[in-house]
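Student: generate coordinates for the sequence data below:
(chains A and B)
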Amino acid sequence: MNLWLLGSLSGRQVVSRSHSGFVRFVGVLSVAGIAIGVAALIILRSFMDGFTGAIRSSLEAVNPAVHVFAPGGGSLGPSDYGLVRDLAGTIPGTTGVEAVLERPAVASGAVGTVAGVMVRGMSGSSEGAVLGRRLAQSLGITPGDTVRLASTANVSISGMGRVLVDTIMPVVVIGVTDFGIDEYNRSLVSTSLGSARSLFGDATGISSMGVGVTPETDPVAVSLTLDSLLRERYVEGGWPAYMTAVPFMSFHTNLFQALGLETLAMTIVLALITVVALLNLSSALTMIALEHRWDMGVLRAMGATPRMVFITSITRGLSIGAAGVAAGVLTAWAAVRVVNGFFPIRLDSSVYWVETLTGSFSTQTALAASMITLLVCLVVSVAPALSALSDSPSEALRYE
Amino acid sequence: MSEAGPVLSGRDIHFTYGRGADTLHVLRGASIDLFPGGLTAVMGPSGSGKSTLLHVLGLLARPSSGTVLIDGRDPWKAGEAKRSRMRNQNLGFVFQFHHLLEEFTIHENVAMPCMISGKSRSRSMDIAGGLLREVGIGARGNHFPSEVSGGERQRAALARALAMEPAVVLADEPTGNLDDEATAVVENLMLDLAHGRNQAFLIATHSRELAQRCDRLLILDRGVLREG
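Tutor: Numbering: from 1, shown residues only, chains lettered A, B, ... in the order given. Coordinates of the predicted model:
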């Protein structure tokens, strides 16, 4: 069949001026319904993916992708660090290993200020301290000031019952930063491994090791390989296993699973909107087919085969579906850009960890939603297309 | 009668609507032969089965019994796709209410049978352009059916019926919906085209004037065709 004729027949009959106003209205409703359904789905996924992605990237920015630690929280030593560094160096995609000493402490800045903090000393960090934005604010500290850190190491009780802390260490603040996650902004003090060891009175202590990976490397695969190498080295060598490697994100598995479940539930609810729109499409197509019953009879009289009539009817359904899908995708894309650019959604960071809900328009998601919707349009178009074939040409021509 | 064989024949055609007690016998053994270049008129009162006869001869409806032959072949022994192709290549239709597709221009409507046959759009439009000039509405090609007069619409319908140069044109009361002036134009056009193109025309009509100008007049009487 001539493709121009196929396209013109299905396309022009959808927007035909010869339709009754009601059929035109139902046709427009079908397009609008599909557009709203598709847009809602893509917008939901954009913001849920954006939210999840923001938390994930913030966590990854502050923490190494793979952690090596002793099960039960046992302390590690310099020889363990050397071993892990050597083994990690044999795994493709790793960028290095840092020794980490991380423990709780108390910080004080301006007069009368005090806060519980988590001090993280890392072998790759510079001397001095970097504070989270909100912590610096609460301690009244700016870069160049000195923050006093006190650890619980060497704490003793005097005969008068007073708590004596002899490990109070002044550290120069070299930076105040946004760690991306509110919890870190309120409590994290990042410093050098040496400063942390001095503070905690532990000259060689390491609480864990962080293995960095390149952006294109899968941290889970690296952690599995490293863990297996560690096991091989110790268990098969007759030693008890006391180091294990885990991907950092596994510490937050519950969070991401809960977010995934929430996204799935909302996707199902919004997909139902699209289903309702597609049912409306079915009735619109049936009405259009009835209004063009004569035309189908004329086409058959001119030699159009039943297959041509069927394909024309199916293409008509797909035309309406494609118009709705295109409008929906465009609306979603514009909505995400407008919200991100002009109407940012502020969140309570103490609850949601991040301060702004940023939409992340995914071409892959838009493509998947479009393809599935068009596929269902195709299925929905079959019944009206078959009804257009049920008449003999003679019956269709006699229809009034 | 022509020396060539009939291009379309109907033999002992019966056609019924409904079933059981409600059965309506419209055609009761009608037979007809159509020859190239011949104009045949069929007359009969309303409801006598003229349109049904044209639909059966035009392969739009299957006869309850009897045989339709196109160039000696029985189209009902072929599949639907082949029958559609026979309709496209051998038969042209003119209906009382023109039945042009409202969403397409006059030019596109006339080109449609050619496009259905698989010809390219440009080739089909060339053929249609020539036919529109031949029926005298070459200047109205870019208008939509709703923008031209009833007579012009029926001339466009006639041009569309001729687009594939069919052996037979079946016209169902082609002037039944036109005023006297337009009727005269369309009648003259059909007579000229039938003789000029050596095509067989079968015209169902209530117009005795038109019937008398045809080569042959048949009366459909109680489901049977007889010479008028």
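Student: pLDDT-wise, which helix or strand of chain B ranks last?
Tutor: Lowest mean confidence among the helices and strands of chain B (mean pLDDT, DSSP states H and E): helix B:180-197, at a mean of 82.
Student: give me the next element, helix or strand, following that one.
Tutor: Per DSSP states H and E, helix B:180-197 leads on to strand B:200-204 as the next helix or strand towards the C-terminus.
Student: tell me the angle that next one makes with helix B:180-197.
Tutor: Relative orientation of strand B:200-204 versus helix B:180-197 (axes from the mean of the first three to the mean of the last three Cα atoms, to 10 degrees): 150 degrees.
Student: I'd like the distance from the least confident helix or strand of chain B to the chain centre, please.
Tutor: Centre-to-centre, helix B:180-197 and its host chain are 14 Å apart (Cα atoms, centre = their mean, to the nearest Å).
Student: now the helices for chain B?
Tutor: B:50-57, B:80-90, B:106-117, B:121-134, B:150-162, B:180-197, B:208-213 (DSSP state H).
Student: would you mind listing the buried residues in the second one?
Tutor: When you say that, I think you mean helix B:80-90. For helix B:80-90, a neighbour-count test (16 or more other Cβ atoms under 10 Å in any protein chain shown) marks B:83-90 as buried. Any C-beta I mention is one placed from the backbone N, CA and C, and that applies to glycine too.
Student: can you tell me the strand partners of the helix or strand of chain A with the lowest mean pLDDT and which way each runs?
Tutor: Every helix and strand of chain A was ranked by mean pLDDT, DSSP H and E. The lowest is strand A:163-165, at a mean of 71. Its sheet considered, strand A:163-165 pairs with strand A:155-157 (antiparallel) by DSSP bridges.
Student: buried stuff in the partner strand?
Tutor: For strand A:155-157, it's none, nothing buried (16+ other Cβ under 10 Å).
Student: for stretch A:98-105, same thing?
Tutor: Within stretch A:98-105, judged by 16+ other Cβ under 10 Å, the buried ones are A:98-103, A:105.
Student: pull the distance from it to the chain's centre.
Tutor: Taking Cα atoms, centre = their mean, one finds the center of stretch A:98-105 at 29 Å from the center of the full chain.
Student: export it to PDB, keeping only CA atoms.
Tutor: Extracted in PDB, the C-alpha atoms of stretch A:98-105 (Å, rounded to 0.1, in the frame of the first residue of the first chain):
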ATOM      1  CA  GLU A  98      43.400   5.000  52.200                       C
ATOM      2  CA  ALA A  99      43.700   4.100  55.900                       C
ATOM      3  CA  VAL A 100      40.900   5.600  57.900                       C
ATOM      4  CA  LEU A 101      40.500   6.200  61.600                       C
ATOM      5  CA  GLU A 102      37.000   7.300  62.500                       C
ATOM      6  CA  ARG A 103      35.700   7.700  66.000                       C
ATOM      7  CA  PRO A 104      33.300  10.000  67.900                       C
ATOM      8  CA  ALA A 105      34.600  13.100  69.700                       C
END
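Student: by contact count, what packs against the longest strand seen in chain A?
Tutor: Assignment by DSSP state E gives strand A:94-108 as the longest strand of chain A. The contact analysis (3 or more Cβ pairs under 8 Å, 6 or more residues apart in numbering or on different chains; DSSP states H and E) places strand A:94-108 against helix A:78-89, strand A:115-122, helix A:133-139, strand A:146-150, helix A:193-200, strand A:208-213.
Student: ok, residues contacting stretch A:84-96?
Tutor: Stretch A:84-96 is contacted from outside by A:68, A:97, A:124, A:209, A:211-214, A:216-218, A:222, A:225-226, A:229-230, A:233, A:243, using Cβ atoms under 8 Å, 6 or more residues apart in numbering or on different chains.
Student: tally of neighbours for A:Val147?
Tutor: 25 (other Cβ atoms under 10 Å in any protein chain shown).
Student: what does A:Phe310 give?
Tutor: For A:Phe310, using other Cβ under 10 Å, the count is 16.
Student: picking up where we left off before, which one of the helices of chain B lies closest to chain A?
Tutor: The closest of these to chain A is helix B:80-90. By Cβ to the nearest Cβ, the value is 2.3 Å.
Student: packing partners for the closest one?
Tutor: helix A:293-301, helix A:306-341, helix B:106-117.
Student: ok and the residue in the stretch 251-400 of chain A nearest chain B?
Tutor: A:Gly303 (2.3 Å).
Student: name all residues that make contact with that residue.
Tutor: B:84-85, B:87-89, B:113, B:116-117, B:164.
Student: over to A:Thr113?
Tutor: So A:Thr113 contacts A:138-140 (Cβ under 8 Å, 6+ apart).
Student: can you redo those residues as TSV with pLDDT and neighbour count?
Tutor: Putting the contacts of A:Thr113 into TSV (pLDDT from 0 to 100; neighbours: other Cβ atoms under 10 Å in any protein chain shown) gives the following:
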residue	pLDDT	neighbour count
A:Ser138	94	18
A:Leu139	94	22
A:Gly140	94	13
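Student: within reach of chain B, which of the residues you listed are there?
Tutor: For chain B, no contacts are drawn from the contacts of A:Thr113 by Cβ under 8 Å from any Cβ of the partner chain.
Student: what's the closest of those to chain B?
Tutor: Using Cβ to the nearest Cβ, the contacts of A:Thr113 come closest to chain B at A:Ser138, 70.9 Å.
Student: surely the closest one and A:Ala115 touch.
Tutor: Yes: contact criterion Cβ atoms under 8 Å: A:Ser138 and A:Ala115 qualify, at 5.8 Å.
Student: how about the residues of chain A by chain B?
Tutor: A:1-2, A:4-5, A:8-9, A:12-13, A:16-18, A:294-295, A:297-308, A:392-394, A:397-398.
Student: ok, now which ones touch the closest residue to B:Gly118 other than its chain neighbours?
Tutor: Spatially, and ignoring its direct neighbours in sequence, B:Gly118 is nearest to A:Asn2 (6.7 Å; Cβ to Cβ, 6 or more residues apart in numbering or on different chains). Residues near A:Asn2 by Cβ under 8 Å, 6+ apart: B:115-116, B:118-121, B:124.
Student: if we go to 10 Å?
Tutor: Counting by Cβ atoms under 10 Å, 6 or more residues apart in numbering or on different chains, A:Asn2 makes contact with A:8-9, A:308, B:111-112, B:114-121, B:124.
Student: would you mind listing which of those are buried?
Tutor: A:8-9, A:308, B:111-112, B:114-117, B:119, B:121, B:124.
Student: list just the nearest of those to B:Gly72.
Tutor: Closest approach to B:Gly72 among the buried ones among the contacts of A:Asn2 (Cβ to Cβ): B:Ser117, at 21.9 Å.
Student: good, we can wrap up now.
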